[in-house]
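> whatever this is, show me its structure:
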Amino acid sequence: MEAPVELSGRNQLPGEVVSVKLGGIMAEVTIRLPGGEEIVAAITRSSTERLGLEAGQQVVAIIKATEVMIGKP
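Model (predicted):
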């Protein structure tokens with residue numbers, strides 16, 4: 001896979017698609033990171049189809065957020 005695209009989003013996490021669950025309008029894409037952690041992205045179904053996402057593909061999750069919440073047990 002090529003190096004991550006240069007974007008304003010600094011948090012670019014390479015990983016492998018584990019599963020894609022399609023809904024009517026949205027899709028849930030689970031990505032496994034190199035350390036074994038998994039993150040889930042909710043993106044539009046049309047974006048999922050346009051990118052041709054399926055399990056086993058190498059992708060880059062790009063996280064762009066205006067805030068991060070932290071909880072403590």
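> now the helices for the protein?
Counting by DSSP state H, residue ranges of the helices within the chain are 45-51.
> remind me which residues of it are low pLDDT?
For the chain, applying pLDDT under 70 flags the ranges 1-5.
> for this protein, which segments count as strands?
11-22, 26-32, 38-44, 58-63 (DSSP state E).
> and these, which is most packed in?
Per residue and on average, the most neighbours among the strands of the chain fall to strand 26-32, with a mean of 18 (mean count of other Cβ atoms under 10 Å). The C-beta positions use only the backbone N, C-alpha and C, and glycine is treated the same way.
> ok, and what's touching that strand?
For strand 26-32, the external contacting residues (Cβ atoms under 8 Å, 6 or more residues apart in numbering) are 13, 15-21, 38-45, 47-48, 53, 59, 61.
> quick one on the thing from earlier: how about the strands of the chain in CSV, adding distance to residue 69?
Compiled in CSV, the strands of the chain are given as follows (distance: least, Cβ to Cβ, whole Å):
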stretch, distance to residue 69
strand 11-22, 15
strand 26-32, 20
strand 38-44, 15
strand 58-63, 13
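> indicate which one of these is closest to residue 73.
Of all those, it is strand 38-44 that lies closest to residue 73, at 20.2 Å by Cβ to Cβ.
> name the helices or strands packed onto that closest one?
Applying 3 or more Cβ pairs under 8 Å, 6 or more residues apart in numbering; DSSP states H and E, we find strand 38-44 packed against strand 11-22, strand 26-32.
> now do that strand: distance to the chain's middle.
The gap between the average C-alpha position of strand 38-44 and the chain average comes to 5 Å, counting by Cα atoms, centre = their mean, to the nearest Å.
> check stretch 15-35 too.
Taking the mean C-alpha point of stretch 15-35 and that of its whole chain, the gap between them comes to 6 Å (Cα atoms, centre = their mean).
> compute the first-to-last residue distance for it.
Stretch 15-35 has an end-to-end distance of 9 Å (Cα to Cα, to the nearest Å).
> and the residue nearest to residue 47 when sequence neighbours are not counted, how far from residue 67?
Spatially, and ignoring its direct neighbours in sequence, residue 47 is nearest to residue 27 (7.7 Å; Cβ to Cβ, 6 or more residues apart in numbering). Applying Cβ to Cβ, to the nearest Å, the value for residue 27 to residue 67 is 24 Å.
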